Every structure is written in C-alpha cells, then in structure tokens.
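> This is a predicted model, with the sequence first.
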Amino acid sequence: MDHATYARPCVIIRIKQDGTLTIIPISSKDYGNVDKFRVDERDPDFAATGLTTTSYVYGHPVLNISPASVLKKLGAFVGELKRRFIAWNG
C-alpha cells in the first residue's frame, strides 16, 4: 500500500496512556491479494462509518499519531461490522 502524504480516513485501534493514537489508514483502493478488511457500502452498518464508498483497512501500516493530527471524526464501526473488524484485527 502506498503511503499517502495527505489526510485520509483511518481506524483508531488504540489510545495509549499518553494520548497517542494507534491507527490503521483506510483506502478506497483495493490492492488485490493482500490481508485486508472490506468495508462494503452495501453493509447495513456502513452509513455509521461516515465513509462514502466501499473501502479497505489493511493490516499495515500501523501508525502512532498525536490526537492533534485528527482533523475530524467521520463515524464509527458499529454492530456486526464492528464485530467482524475486531475479529479480523485480533
């Protein structure tokens, strides 16, 4: 996966004691046969994500960022979508 130099959606997977956020970027591009979690726009829980099209969460890169780097909250994984993501991410 290419490393974007612009703001992009991400999943916050951990908030450390010092406030640092551990994130995994989200991409609307399918990079083929690699480990990924599909966030399908046809999923009943998709609207809660705030995303606008089917997107993918890849197992890397996992990044640590300052909370000040977050521009805005788009949404959240909820319901069955959240359960599947947690199972995928471990």
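Now that the structure is in, tell me what you want to look at. Here the structure is a predicted model, which is why all the values come from computation and not from measurement.

> What ranges does the protein have for its helices?
79-89 (DSSP state H).

> Give me the most central residue, it.
Centroid check for the chain by C-alpha atoms, centre = their mean gives residue 11 as the closest residue, at 3.1 Å.

> Low-confidence ranges, this structure, go.
1-5 (pLDDT under 70).

> ranges for the strands of it?
10-15, 21-27, 36-39, 55-58, 63-65 (DSSP state E).

> so which of the ones you listed gets nearest residue 73?
strand 10-15 (9.3 Å; C-beta to C-beta). Yep, even glycine has a C-beta here, placed from its N, CA and C like the rest.

> burial measure for residue 90, as a count.
6 (other C-beta atoms under 10 Å).

> Quick check: the gap between it and residue 64.
Plainly put, residue 90 is 18 Å away from residue 64 if you go by C-beta to C-beta, to the nearest Å.

> just residue 43 next, same as before
Residue 43 is 28 Å from residue 64, by C-beta to C-beta.

> Tell me which of those two has more neighbours.
residue 43 (17 against 11).

> ok, the closest residue to that one other than its chain neighbours - contacts?
Counting by C-beta to C-beta, 6 or more residues apart in numbering, the nearest residue to residue 43 once its immediate chain neighbours are dropped is residue 81, at 5.6 Å. Residue 81 sits next to 39, 43, 45, 46, 48, 49 when contact means C-beta atoms under 8 Å, 6 or more residues apart in numbering.

> In this structure the fifth one contacts residue 75, no?
Yes: between residue 48 and residue 75 there is a contact under C-beta atoms under 8 Å: 5.2 Å.

> Which one's more surrounded, these two?
Set residue 48 next to residue 75 and count neighbours by other C-beta under 10 Å: residue 48 wins out with 16 against 13.

> what sits against that one?
Residue 48 touches 75, 76, 77, 78, 79, 81, counting by C-beta under 8 Å, 6+ apart.

> hmm, 10 Å instead?
Contacts for residue 48 (C-beta atoms under 10 Å, 6 or more residues apart in numbering) come out as 74, 75, 76, 77, 78, 79, 81, 82.

> Of these, grab the buried ones for PyMOL.
Buried subset of the contacts of residue 48, written as a PyMOL selection, criterion 16 or more other C-beta atoms under 10 Å:
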select buried, resi 77+81
